[in-house]
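Student: Pasting the sequence and the predicted model now:
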Amino acid sequence: MPISKELDQLSCELMGEALDMLAEGTPIAAVASVMDASGDRLTCAFEEDSPEMCLEAARTWVHSGGKASGTASKAGKSLAGKACYYAIAYEGAIDDPETGDTFNDALILEFGEREAETAYSAYVLVDGIGAGDEFRYTDPEPAGELPCLL
């Protein structure tokens, strides 16, 4: 099933912002964005725990529709409408298909929209984290389907 243009826009914007952060050397445990039907967007970074716990906190925050509570209260506001779209970006590693026994650094993105049964994930391989203009990344590749969080 094709994704909506709104979800595509949100996903691309979050991925671009996350890639800029990696180029600058800013670590990304997890950063999540939700957007309502009017295009109002709310983003929150999760960084004060282990990467696994930050990712779980980001998923919980998205599942709540971006409600500001606990760690997520740093987001500072709530959406005016109900969250319709979401994207979560985080650093990870992807198996090297050529060797099968090594991993490549990657930025992983999960994204979905309200009332869809399935959400999706994608990744870009990254090289040169913190290297500014020398930072490189590949085109996005699909990484599979997930249960939708909204």
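Tutor: That came in fine, so what should we check first? Note that this is a predicted model, so its numbers are computed, not measured. Numbering: from 1, shown residues only.

Student: how about low-confidence regions in the chain?
Tutor: By pLDDT under 70, the low-scoring segments of the chain are 1, 68-77.

Student: what's the single longest helix in it?
Tutor: As assigned by DSSP state H, the longest helix anywhere in the chain is helix 5-24.

Student: List of residues touching it?
Tutor: Residues from elsewhere that reach helix 5-24 (CB atoms under 8 Å, 6 or more residues apart in numbering): 3, 28, 31, 33, 35, 39, 41, 43, 84-89, 91, 107, 109, 111-113, 122, 124, 126, 128-133, 135, 137, 140. (Glycine included, C-beta is placed from N, CA and C.)

Student: how about 7 Å then?
Tutor: Applying CB atoms under 7 Å, 6 or more residues apart in numbering, the contact partners of helix 5-24 are 28, 31, 33, 35, 41, 85, 87, 89, 107, 109, 111, 113, 126, 129-130, 132, 135, 137.

Student: and these, which are buried?
Tutor: 28, 31, 33, 35, 41, 85, 87, 89, 107, 109, 111, 113, 126, 129, 135, 137 (16 or more other CB atoms under 10 Å).

Student: Inside strands: which ones of the residues you listed?
Tutor: Those of those mapping onto strands are 31, 33, 35, 41, 85, 87, 89, 107, 109, 111, 113, 126, 137, per DSSP state E.

Student: Among those, list the two that are farthest apart in space.
Tutor: Greatest spatial distance in those: Glu113 and Val126, 26.0 Å, computed using CB to CB.

Student: and the residue of the chain positioned farthest from its centre, what is it in contact with?
Tutor: In the chain, the greatest distance from the average C-alpha position (CA atoms, centre = their mean) is reached by Thr99, at 27.2 Å. Residues near Thr99 by CB under 7 Å, 6+ apart: none.

Student: Specify the local secondary structure of it.
Tutor: coil (DSSP: H, G, I helix; E, B strand; the rest coil).

Student: Relative to Arg136, how far out is it?
Tutor: Thr99 sits 19 Å away from Arg136, going by CB to CB, to the nearest Å.

Student: Leu22 too?
Tutor: Taken as CB to CB, the span from Leu22 to Arg136 is 10 Å.

Student: And the closest residue to Asp133 other than its chain neighbours, how far from Asp127?
Tutor: In space, and not counting its chain neighbours, Asp133 is closest to Ala23: 7.8 Å by CB to CB, 6 or more residues apart in numbering. Distance of Ala23 to Asp127, given as CB to CB: 11 Å.
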